[in-house]
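Undergrad: I'd like to go over a predicted model; first the sequence, then the structure.
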Amino acid sequence: MADSSGSVFDYVIVGAGTAGCVMAARLSENAQNRVALIEAGPPDRHPFIHVPALVGAAIAQKHLNWRFMTAPQPNLNGRKIPIPRGRVVGGSGSINGMVYFRGQPQDFEDWAAAGNPGWSFSEVLPYFLRSEHNDRYPGSPYHRQGGPMNVMFVKRPNPMTAAFLSAMGSLGYKRNDDFNSPNTEGYGPRQGTLAKGRRVSTATAYLHPALRRSNLTLITDTRVARVVIENRHATGVDLLMPGGGTQRLTAQREVVVSGGTILSPQVLMLSGIGDGEDLRAHGIEVKHHLPGVGRNLHDHLAVGLLMEMSNTESYGISWRTVPRGAVNLLEYALFRSGPLSSNVFETNAFIRTTNGLDRPDLQLVFQTARRNTNTFPLPLGHGFALSSVALYPKSRGRITLASADPHALPVIDPNLLGEPSDISPLLRGLQLSRRIVATQPFARYQATEVQPGPAVTSEEGLKDYIRRAAATVHHPVSSCRMGPDDKTAVVDAQLRVHGIDALRVVDASVFPKIIGGNTNAAVVMVAEKAADLMLGIAALRPFALPVAHTA
């Protein structure tokens, strides 16, 4: 960590999450730029972060996770849904499932068509490529070697993945060995941000190497009270000090808010930027009325078909697998290989569940481990799960302030299943999951369905199960949405906050709408592009697509 010789910087970045680590590294490449990166949580030293198979255990660490909960969701039987977000250097990229998926190409065409020039698929693909190091596809125009983030397949996937792949083939679906090509449809193994048996995050790939630079300062375990706004110009941030009071950091060029979809709108609202009526109700001076702050919140909702079995082939802890577990621990300790080097989420499928769709609307994730009914972070016993993820929810929610106290967590209401049609892909996914596990490749496991249970057969019964069991897959987006106007959007296509100079937001909150899959890689892309925008570097040349990018 570089030491600060003062409190004046060129750039101040709020949040050392996935986007913030990329921004800090790229902005500090020029030795003339003094960069401060502020993180509310600790450094990413905890061992659970770096062992891929311990992802559940990392999420369970209270000091690494903000442990957000939604407001009660009326359409999910009044339940509060957990929203785990990383409170640690690397942010959610330090506790996520390490899946590498860029999104459906049409998603980015939609971004550009919504009035955001520069964000079409051909224009963003070069930024995906710049971040990637991938040895699996030599010569492919859709991959490259030499980027900071290592992307790879799990070297020794669980044997049960073969059953899933065979089952999908037996049902007539197409095999796809590269979900990050323009055609994402089909089933197959998927890649993750892994290297030498360890997690790769933007903290390990971007930030740690950059911290050798004297012009980059990382401040951990420190929260930001507000962005300082003077005459509609961001001039710095106020830090909350442990003993009370604040300390001001001055940004001579720009402030970047990279707190993530939950906290970035909170920081803006605490700074006086948001719906004026709401801010005044909390006694906050309105610096700029921007009603879109906190709105448009949405996430991927998922529900699982849960299976249990006596066969011990899945990942899991049981008396019968104690010897195997000891060998696995030794193998990982000595060679960083074996089951502990897997992120567990090794295969999936993207499927169009109805005719006439221009892209897949359902993601099926095969998990080769029993899903616990309690909160224990490691699988107890043996089994597997098929999770159906609805990729394009129509429901929109909102993040609001609970109070003007920066220590108070915001109110999170994603309005899950607020649009009745959002339940349909989940229903079709459950029905397909049952067809999959009934195929011959799964017969030898003699697995038993425990949720929703074989007695639940009607559509209404399955819908009831969805309402009592569905949860998000931790991809919240769009609470500071990118768009050309300041009525519903928060930032423009340059990621500049509408109506405020020298202030940008860079993270998943700026997505105009959710992408059709895992979001981490797209956040890295957004941050790579944002750094060029801030530094005045010409955009990377749009990618010349050799084939039509249709699903």
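TA: Alright, I've got the coordinates. Computed from a predicted structure; not experimentally measured.
Undergrad: so what strands line up beside the biggest strand by length in the chain?
TA: Taking DSSP state E as the criterion, the chain has its longest strand at strand 246-257. Its sheet considered, strand 246-257 pairs with strand 8-14 (parallel), strand 234-240 (antiparallel), strand 503-505 (parallel) by DSSP bridges.
Undergrad: May I see the buried residues of the first one?
TA: In this case it means strand 8-14. The neighbour-count check on strand 8-14 (16 or more other CB atoms under 10 Å) flags Phe9, Asp10, Tyr11, Val12, Ile13, Val14 as buried. No exception for glycine: its C-beta is placed from N, CA and C like everyone else's.
Undergrad: does the fourth one really touch Gln252, like I thought?
TA: So that's Val12. No - if you go by CB atoms under 8 Å, Val12 and Gln252 don't touch, sitting 9.3 Å apart.
Undergrad: about what we covered before: which single one of the buried residues of strand 8-14 is nearest to Pro138?
TA: Ile13 (35.3 Å; CB to CB).
Undergrad: Count the neighbours of Met69 for me.
TA: Using other CB atoms under 10 Å, Met69 has 14 neighbouring residues.
Undergrad: Can you pick out the most distant pair from the buried residues of strand 8-14?
TA: Checking these with CB to CB, the most distant pair is Asp10 and Val14, at 14.8 Å.
Undergrad: Mind listing residues that contact the least confident helix or strand in the chain by mean pLDDT?
TA: In the chain, the helix or strand scored least confidently by mean pLDDT, DSSP states H and E is helix 322-335, which has a mean of 87. Residues from elsewhere that reach helix 322-335 (CB atoms under 8 Å, 6 or more residues apart in numbering): Val51, Gly197, Thr312, Ile317, Ser337, Gly338, Pro339, Leu340, Ser341.
Undergrad: what's the closest non-adjacent residue to Gly283?
TA: In space, and not counting its chain neighbours, Gly283 is closest to Ala404: 5.5 Å by CB to CB, 6 or more residues apart in numbering.
Undergrad: Got the confidence number for that neighbour?
TA: Note on Ala404: pLDDT of 97.
Undergrad: again, but for Gly316
TA: pLDDT recorded at Gly316 is 80.
Undergrad: likewise the one 5 residues further on?
TA: pLDDT, Thr321: 78.
Undergrad: okay, now it: neighbour count?
TA: For Thr321, the neighbour count with other CB under 10 Å is 18.
Undergrad: give the contact list for it.
TA: Contacts of Thr321 (CB under 8 Å, 6+ apart): Thr312.
Undergrad: how close does it sit to Leu380?
TA: Using CB to CB, to the nearest Å, one obtains 11 Å as the distance from Thr321 to Leu380.
Undergrad: Same question for Val526.
TA: Distance of Val526 to Leu380, given as CB to CB: 38 Å.
Undergrad: for Gly236, same thing?
TA: To Leu380, Gly236 is 49 Å away according to CB to CB.
Undergrad: Please enumerate the strands of the stretch 51-200 of the chain.
TA: 68-69, 82-83, 132-133, 149-150, 186-189, 194-195, 198-199 (DSSP state E, counting those that start in this stretch).
Undergrad: Which neighbouring elements make contact with the third one?
TA: The one in question is strand 132-133. Under the contact definition 3 or more CB pairs under 8 Å, 6 or more residues apart in numbering; DSSP states H and E, strand 132-133 sits against strand 149-150.
Undergrad: again, but for the fifth one
TA: Helices and strands touching strand 186-189, by 3+ CB pairs under 8 Å, 6+ apart, are helix 160-170, strand 347-351.
Undergrad: ok, and for the longest strand of the chain, which residues are buried?
TA: Residues of strand 246-257 classed as buried under the neighbour-count rule (16+ other CB under 10 Å) are Leu249, Thr250, Ala251, Glu254, Val255, Val256, Val257.
Undergrad: Likewise for stretch 144-159?
TA: Judged by neighbour count using 16+ other CB under 10 Å, the buried positions of stretch 144-159 are Arg144, Gly147, Pro148, Met149, Asn150, Val151, Met152, Phe153, Val154, Pro157, Asn158.
Undergrad: what's near enough to touch the fourth one?
TA: This means Met149. By CB under 8 Å, 6+ apart, the contact list for Met149 reads Ser131, Glu132, His133, Thr193, Val200, Thr202, Ala205, Tyr206, Val524.
Undergrad: go on, the last one?
TA: With contacts defined as CB under 8 Å, 6+ apart, Asn158 is in contact with Glu313, Ser314, Tyr315, Pro339, Ser342, Glu346, Thr368.
Undergrad: what's the answer for Lys196, then?
TA: By CB under 8 Å, 6+ apart, the contact set of Lys196 is Arg336.
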